[in-house]
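**Student:** curious how this folds, go ahead:
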Amino acid sequence: MRTLETLSGGEWVRTGEWIDVHDPADVRTPFARVPALSAKDVTRAYDHAERGFAVWKRTSPFERARVFTEAARLIRERAREIAADVTAENGKTLAEATGETLKAADFLEYYAGLARQGYGTLLHDVRPDHRTHTQREPIGVILVISPWNDPLITPARKLAPLLATGNAAVFKPATETPLAGLHFARALHDAGLPAGVLNVVTGRTAEIEEALLDDPRIVGITFTGSNA
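**Tutor:** Predicted coordinates:
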């Protein structure tokens, strides 16, 4: 059985508690396990995200685009391994899992282009010799919760735009399918994403939900999933 670590504060970490990951085609024996983070671990993830945001919001949009472009290249390079894990934890056919993997790389490349665009609009001003403009700025730490049924492409289309525009994230993948999200995080980490900008919380929802949802540093939440 494979043992995986999760990303927090730019480091790959493990705990003394684990969550087993099962192949839905044969649930008798787990094929992998990931750390079961505690509520304190979740709070530390927000600490890391707060510090990561302070760095990332000042990072050049061109550097953000470079990180995304390199991460997309790494996902394509690792597509066979990633797709195999999507199939193993989710049950999709290998063809569908491969398509999902390549589409996640496409999202990164698309938002790399968006990161290079201007974040403002020049407005008409009735006053002579005056210029008025709007400017969009990153807002802070965003909580991302994704479901089991599209374990790679849904995190990609949530995380890519918010990271491309300079925000930081605490990311909670579905407990049943955490491997795909960890692959996505590893590609960004290996591409040079600064420490703390993306933190992955693998844990049992009932044990960490209060710490996950009630942190005062959360400025936004993007959620797809069941009531549970």
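**Student:** pLDDT below threshold where in this structure?
**Tutor:** 118 (pLDDT under 70).
**Student:** residue most distant from the centroid, it?
**Tutor:** residue 128 (46.5 Å; C-alpha atoms, centre = their mean).
**Student:** mind checking the SS state of the residue nearest the centre of the chain?
**Tutor:** In the chain, the C-alpha nearest the mean C-alpha coordinate belongs to residue 159, at 4.7 Å (C-alpha atoms, centre = their mean). Following DSSP: H, G, I helix; E, B strand; the rest coil, residue 159 is assigned to helix.
**Student:** distance of it from residue 207?
**Tutor:** 24 Å (C-beta to C-beta, to the nearest Å). Heads up, the C-betas are built off the backbone N, CA and C, glycines and all.
**Student:** hang on, the residue nearest to the centre of the chain packs against residue 143?
**Tutor:** No - if you go by C-beta atoms under 8 Å, residue 159 and residue 143 don't touch, sitting 11.3 Å apart.
**Student:** what is in contact with these two at once?
**Tutor:** Residues touching both residue 159 and residue 143 by C-beta atoms under 8 Å, 6 or more residues apart in numbering: residue 169.
**Student:** in stretch 143-157, what counts as buried?
**Tutor:** 143-148, 150-157 (16 or more other C-beta atoms under 10 Å).
**Student:** what about it, start to end distance?
**Tutor:** Using C-alpha to C-alpha, to the nearest Å, the end-to-end distance of stretch 143-157 comes to 14 Å.
**Student:** please enumerate residues in contact with that stretch?
**Tutor:** 82, 86, 89-90, 100-101, 103-104, 107-108, 158-159, 162, 169-181, 183-184, 212-213, 215, 218, 220-226.
**Student:** try it again at 6 Å.
**Tutor:** 86, 90, 100, 103-104, 107, 158-159, 169-174, 176-177, 180-181, 184, 218, 221-225 (C-beta atoms under 6 Å, 6 or more residues apart in numbering).
**Student:** which helix or strand contains residue 83?
**Tutor:** Residue 83 belongs to helix 79-90 when elements are defined using DSSP states H and E.
**Student:** tell me which helix or strand comes right after that helix.
**Tutor:** helix 94-115.
**Student:** now that following helix - C-alpha only, CSV.
**Tutor:** Once non-C-alpha atoms are left out, helix 94-115 reads as follows in CSV (Å, rounded to 0.1, in the frame of the first residue of the first chain):
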residue,chain,number,x,y,z
LEU,A,94,-8.5,5.1,-18.1
ALA,A,95,-9.4,7.0,-21.3
GLU,A,96,-11.7,9.4,-19.4
ALA,A,97,-9.1,9.8,-16.6
THR,A,98,-6.5,10.7,-19.2
GLY,A,99,-8.8,13.3,-20.7
GLU,A,100,-9.5,14.8,-17.3
THR,A,101,-5.7,15.0,-16.7
LEU,A,102,-4.9,16.7,-19.9
LYS,A,103,-7.9,19.1,-19.5
ALA,A,104,-6.4,20.1,-16.0
ALA,A,105,-3.2,21.1,-17.8
ASP,A,106,-5.3,23.1,-20.3
PHE,A,107,-6.9,25.0,-17.5
LEU,A,108,-3.4,25.9,-16.1
GLU,A,109,-2.3,27.2,-19.5
TYR,A,110,-5.5,29.2,-20.1
TYR,A,111,-5.1,30.9,-16.7
ALA,A,112,-1.4,31.5,-17.3
GLY,A,113,-2.5,33.7,-20.2
LEU,A,114,-5.1,35.4,-18.0
ALA,A,115,-2.5,36.2,-15.4
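**Student:** which strands and helices lie in contact with that helix?
**Tutor:** helix 61-77, helix 79-90, helix 153-164 (3 or more C-beta pairs under 6 Å, 6 or more residues apart in numbering; DSSP states H and E).
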